[in-house]
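S.K.: have a look at this prediction, sequence included:
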Amino acid sequence: MSLVTSISLTSSPAGLASSWHDNAACRGLAAEIFFPQDEEGVDAARSVCGECPVREDCLEYSLAVREKDGVWGGFTERERRSLIRRRRRAAAKVRAAIAVS
Ligand code: SF4
């Protein structure tokens, strides 16, 4: 089962208007690849994501649904949490700059 198949089982992307997952590089691959247990496994998942034409869509989807597990868009859980924090800080700076001006 591929990740794009598994997300339809676990996260209901079928309800999404977008069909980005139709072009996923992981389509047809085992979902287990994207739920690695060690760094070697993370590297294997990233190697697939690195060639994926819908990587950005995948990452944004995982952020939007707060996907907690697995490698999405080449990002691990920890990396996604870090990205969310960086985006929040950047948004706060913009809001502060607007409030001052
Ligand atoms: S970025 Fe990775 S996990 Fe996401 S759809 Fe592409 S291959 Fe699958």
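M.R.: Good, I have the coordinates.
S.K.: okay, CA-based contacts and neighbour counts for the rest of this
M.R.: Will do.
S.K.: in the protein, where's the longest helix?
M.R.: The longest helix of the chain (DSSP state H) is helix 77-100.
S.K.: relative to V42, how far out is I98?
M.R.: Distance, I98 to V42, using CA to CA, to the nearest Å: 40 Å.
S.K.: compare these two (neighbour count), which wins?
M.R.: A count of neighbours by other CA atoms under 10 Å puts V42 above the other of I98 and V42, at 19 against 9.
S.K.: which phi and psi values does that one adopt?
M.R.: Dihedral pair for V42: phi -60, psi -40, per degrees, to the nearest 10.
S.K.: from memory it sits against V71, does it?
M.R.: Yes: assessed by CA atoms under 8 Å, V42 is found in contact with V71 at 7.2 Å.
S.K.: quickly list what's touching both of these two.
M.R.: The contact sets of V42 and V71 overlap at 34-36 (CA atoms under 8 Å, 6 or more residues apart in numbering).
S.K.: of those, closest to the ligand?
M.R.: The nearest member of the shared contacts of V42 and V71 to the ligand, counting by CA to the nearest ligand atom, is F34 at 6.5 Å.
S.K.: spit out the contact partners of the closest one.
M.R.: Residues near F34 by CA under 8 Å, 6+ apart: 3, 41-42, 45, 70-72.
S.K.: tell me the pLDDT of it.
M.R.: You'll see F34 listed with a pLDDT of 97.
S.K.: if we can go back for a sec, could you give the mean pLDDT of the longest helix of the chain?
M.R.: Across helix 77-100, pLDDT averages out at 96.
S.K.: over to stretch 20-28?
M.R.: 93.
S.K.: got the residues of this structure near the ligand?
M.R.: Neighbours of the ligand within the chain, by CA under 6 Å from any ligand atom: 3, 21, 24-26, 48-49, 52, 54-55, 58, 72-74.
S.K.: so which of these sit within helices?
M.R.: 3, 48-49, 55, 58.
S.K.: can you tell me which of the residues you listed has the most neighbours?
M.R.: Going by other CA under 10 Å, L3 tops those with 25 neighbours.
S.K.: what is the end-to-end distance of stretch 32-50?
M.R.: Terminal-residue distance, stretch 32-50 (CA to CA): 17 Å.
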